[in-house]
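Visitor: Take this sequence and fold it.
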Amino acid sequence: MTLAECLALAQLILTRYVLMICSILGIIGCFLNFFVFSKKNLRTSSCSIYFKATSIFNLLVIVCCITPVIIATYSREDPALYISIVCKTRAYTTHAFLMMSRSTVALTCVDRFALCSSHAYIRRLSQRHIAIRLVIITTILWLVIPIHVLLLTDVQVSGRCGGSGVYQIIYSIYATIVTSIPLVIMIIFSFWAIRSVQHSRARVFPIEGHVDGNENLGMRMKKRDIQLTVILISEVVVYLLSTVWYPLDTMYLTITASIVKTSDRVAIENFIRYLALN
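Guide: Numbers count the residues shown, from 1 in each chain. Reported below is the predicted structural model:
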């Protein structure tokens with residue numbers, strides 16, 4: 001068995017079993033997150049809006065994008081590799097839903113930073129109605145921005161679904177930029193939010209409504225917001241570990257596109273890209 005065949009078998013096993021188990025756990029996690037953040041004591045928080053939106057987008061990624069890939073391993077061929085409309089639709093929806101999810105996590109980081117700020121005008125940004133508007137705007141933007149994927153991605157002669165020629169190079173640069181921006185925002189604003197929580201001694205009260213002077217209420221609200229921030233930081237760490245490899249791999253493939261490669265090297269690169277994408 002050649003190296004290419006070994007890697008293809010490993011990819012098949014990972015998709016059929018590991019990815020399927022992760023997808024099932026992911027679906028359960030999305031429903032649990034949505035249920036938890038819909039509770040009465042959390043639903044009024046702007047942060048809960050972002051968490052629920054992220055859960056919805058992640059669920060769409062799993063159901064609409066990952067599930068067809070898993071199903072394809074049990075059939076003779078993947079429809080996306082020979083049917084143009086399936087190729088275009090899967091590439092577009094995968095990119096759009098993933099970017100919606102990443103963007104809402106980035107917005108959550110900004111929201112936590114705003115809430116922990118010592119400036120009242122910045123804290124006003126951490127409000128439920130603002131969160132709803134930003135989620136709607138984010139959804140519309142990522143339905144419009146990747147339209148070029150729907151138009152220019154197609155089934156290639158080599159039997160793969162993707163771009164070709166100049167567009168492939170342009171898309172690699174584009175994908176690196178749009179994937180890196182949310183990650184940079186997550187890192188910067190998570191760091192600032194952590195610093196604000198550590199150095200802040202003032203109680204955090206909601207922007208809307210009046211403060212009734214109840215110390216216990218103020219302490220509970222501060223504790224709740226700190227807990228949400230901790231949950232967010234944990235999610236950011238997972239996102240960084242799972243996403244940072246894609247832009248790095250994309251940059252590598254763009255830089256080495258003109259180099260003549262052996263079949264083993266191509267097989268290794270394809271396997272690494274599979275890991276970076278999944």
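
Visitor: average model confidence for stretch 70-84?
Guide: With pLDDT averaged residue by residue, stretch 70-84 scores 85.

Visitor: Would you mark the buried spots in stretch 229-247?
Guide: 229, 231-233, 235-236, 239, 243, 246-247 (16 or more other C-beta atoms under 10 Å). Backbone N, C-alpha and C define where each C-beta goes, glycine included.

Visitor: sec struct for the closest residue to residue 155 other than its chain neighbours, please.
Guide: Distances taken as C-beta to C-beta, 6 or more residues apart in numbering place residue 87 nearest to residue 155, at 5.0 Å, with adjacent residues excluded. Following DSSP: H, G, I helix; E, B strand; the rest coil, the label given to residue 87 is helix.

Visitor: Tell me who's in contact with residue 232.
Guide: 47, 105, 108-109, 112, 190, 193 (C-beta atoms under 8 Å, 6 or more residues apart in numbering).

Visitor: Go through these and say which is closest to residue 22.
Guide: Closest approach between the contacts of residue 232 and residue 22, by C-beta to C-beta: residue 105, at 18.1 Å.

Visitor: ok, so what distance separates residue 92 from residue 62?
Guide: With the distance defined as C-beta to C-beta, to the nearest Å, residue 92 ends up 17 Å from residue 62.

Visitor: Please identify which of those two sits among more neighbours.
Guide: Using other C-beta atoms under 10 Å as the criterion, residue 92 and residue 62 rank with residue 62 on top: 21 against 18.

Visitor: Would you confirm that that one contacts residue 27?
Guide: Yes: Residue 62 lies in contact with residue 27 (C-beta atoms under 8 Å); the separation is 5.7 Å.

Visitor: Find the nearest non-adjacent residue to residue 99, please.
Guide: residue 142 (4.6 Å).

Visitor: For that neighbour, which three-state class applies?
Guide: Residue 142 is classified as helix under three-state DSSP.

Visitor: Compute the distance between it and residue 52, please.
Guide: Residue 142 is 17 Å from residue 52, by C-beta to C-beta.

Visitor: Same question for residue 189.
Guide: Residue 189 is 20 Å from residue 52, where distance means C-beta to C-beta.

Visitor: ok, now residue 6?
Guide: Counting by C-beta to C-beta, the gap from residue 6 to residue 52 is 42 Å.

Visitor: repeat for residue 121
Guide: Residue 121 sits 26 Å away from residue 52, going by C-beta to C-beta.

Visitor: With residue 185 instead?
Guide: With C-beta to C-beta as the criterion, residue 185 and residue 52 are 20 Å apart.

Visitor: Out of the helices and strands in this structure, which is least certain?
Guide: When each helix and strand of the chain is scored by mean pLDDT, DSSP states H and E, helix 215-243 comes last, with a mean of 66.

Visitor: buried ones in the helix or strand hosting residue 106?
Guide: Using DSSP states H and E, residue 106 sits in helix 84-116. Neighbour counts over helix 84-116 (16+ other C-beta under 10 Å) mark 86-116 as buried.

Visitor: what kind of secondary structure is residue 75 in?
Guide: With three-state DSSP as the criterion, residue 75 reads coil.
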